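Asker: Below are the sequence and a predicted model for it; my questions follow.
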Amino acid sequence: MPPDLGPARPASTVVLLRDEVLGPEVFLLRRHGQSGFMAGATVFPGGKVDADDCAVGHVDLCAAACAQALDMKDGPEARGFFVAALRELHEESHVLLATKPDGAAITQQDITEFEADLQPMRQGHRLAGGAWHQLIEQRGWILQISALHPFAHWLTPRVEPRRFDTYFFCAILPQGQQASLDPHEATHAFWLRPGEALDQHNQGGEILLPPPTLHTLAALDERPGPADAWLRALKAQGPGPLIEPWFLANTPQGPAIVLHDDPSHPQPSTGEAQPRCTLAWHRFVLQDGRFHYIRAQQ
């Protein structure tokens, strides 16, 4: 049983979707090689929840609605996950899900001017959440929590020294906005169809997908239809139960991360392995420095 490293930090991740001629695409980032967490990995935009994210009032849904959506008791805490998702999405992709006081959509020019005002407020590479919210409030903009749809809840495996309690949200790229790289947060940014990202990862290319990203892309790749169909499908499933992957150092395939449907996953309450009666399960096997998504059948 790994040592107790204390509570995981609250965080949010956003799967941003758009339609293209060849099919729906997702927006992905490659983290800096010197990042303290998932260095060099290709991931969705996201980051930690700041205290300021839980206390804002410039949003289109109340705290109670946020708590209901995440099946949480604490409204402000639940709202913090949504607001952090909106803030991190903007910081890492320059996409801003908000409206003006009169309800009009935010334009690309509005975002450019907003970011110009943000630049002097940076502390090195870091931008405090409070500064971001301050400028949003000064403009009277309303953050569109309703544009986010929670579909998964992941907890970092206990073997990791830095652990995060992360809600995954999905959203559609607003008309007239363009996602782009923020060099403070990543080295590359790109749109790809899920199948393309999976192929490049599996072939040993520069795309290196951690298990939650790999799992999400594999699920999207199985769904036909345009981006709004993906959105409806993810929205319908809701955040679901907490997914706490478990690391196994020795399996027949090698080191692996297993999910709750895997018979080798321990019961979270005891940490002791319990047999599961299941016809299929999924695991992520570490081979040649990257995880591969394995679907096993009994």
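Answerer: Structure's in. What do you need?
Asker: Tell me which stretches of this structure form strands.
Answerer: Assigned by DSSP state E, the chain shows strands spanning 9-18, 25-31, 42-43, 46-48, 98-99, 142-143, 149-155, 164-172, 186-192, 246-248, 256-258, 280-287, 290-297.
Asker: Any idea how far apart the tips of stretch 103-114 sit?
Answerer: Stretch 103-114 stretches 17 Å from its first residue to its last (CA to CA, to the nearest Å).
Asker: How about residues contacting that stretch?
Answerer: Applying CB atoms under 8 Å, 6 or more residues apart in numbering, the contact partners of stretch 103-114 are 90, 94, 96, 98-100, 135, 139, 141, 174-178. Bear in mind the C-beta positions are built from the backbone N, C-alpha and C, glycine included.
Asker: Now for those: which two are most distant?
Answerer: Largest separation among the contacts of stretch 103-114 by CB to CB: L135 and Q175, giving 23.2 Å.
Asker: out of the two, which sits in the more crowded spot?
Answerer: More neighbours surround L135 than the other of L135 and Q175, with 14 against 7 (other CB atoms under 10 Å).
Asker: I'd guessed that one sits against D117; true?
Answerer: Yes - L135 lies in contact with D117 (CB atoms under 8 Å); the separation is 5.7 Å.
Asker: so how far is the longest helix anywhere in the chain from its chain's centroid?
Answerer: Longest helix in the chain, counting residues (DSSP state H): helix 75-93. A distance of 11 Å separates the centroid of the chain from that of helix 75-93, by CA atoms, centre = their mean, to the nearest Å.
Asker: List the buried residues for that helix?
Answerer: 75, 77-93 (16 or more other CB atoms under 10 Å).
Asker: for it, packing partners?
Answerer: strand 9-18, strand 25-31, strand 46-48, helix 63-70, helix 129-139, strand 164-172 (3 or more CB pairs under 8 Å, 6 or more residues apart in numbering; DSSP states H and E).
Asker: Kindly state the beta-bridge partners for the closest residue in space to P211 that isn't next to it in sequence.
Answerer: Spatial nearest neighbour of P211, excluding adjacent residues (CB to CB, 6 or more residues apart in numbering): F284 at 4.4 Å. Taking DSSP bridges as the rule, F284 bridges to I257, Y293.
Asker: What does the pLDDT read for F284?
Answerer: pLDDT recorded at F284 is 83.
Asker: again, but for R126
Answerer: Predicted confidence (pLDDT) for R126: 69.
Asker: can you check the one 4 residues further on too?
Answerer: For G130, the pLDDT comes out at 86.
Asker: Let me see the contact set for it.
Answerer: Residues counted as contacts of G130 (CB under 8 Å, 6+ apart) are D50, D52.
Asker: how close does it get to E137?
Answerer: 10 Å (CB to CB, to the nearest Å).
Asker: Count residues in the vicinity of H292, would you?
Answerer: Going by other CB under 10 Å, the residues that sit close to H292 add up to 17.
Asker: how far away is the residue nearest to it when sequence neighbours are not counted from V49?
Answerer: Counting by CB to CB, 6+ apart, H292 lies nearest to V285, which is 5.2 Å off, once chain neighbours are set aside. Per CB to CB, V285 is found 31 Å from V49.
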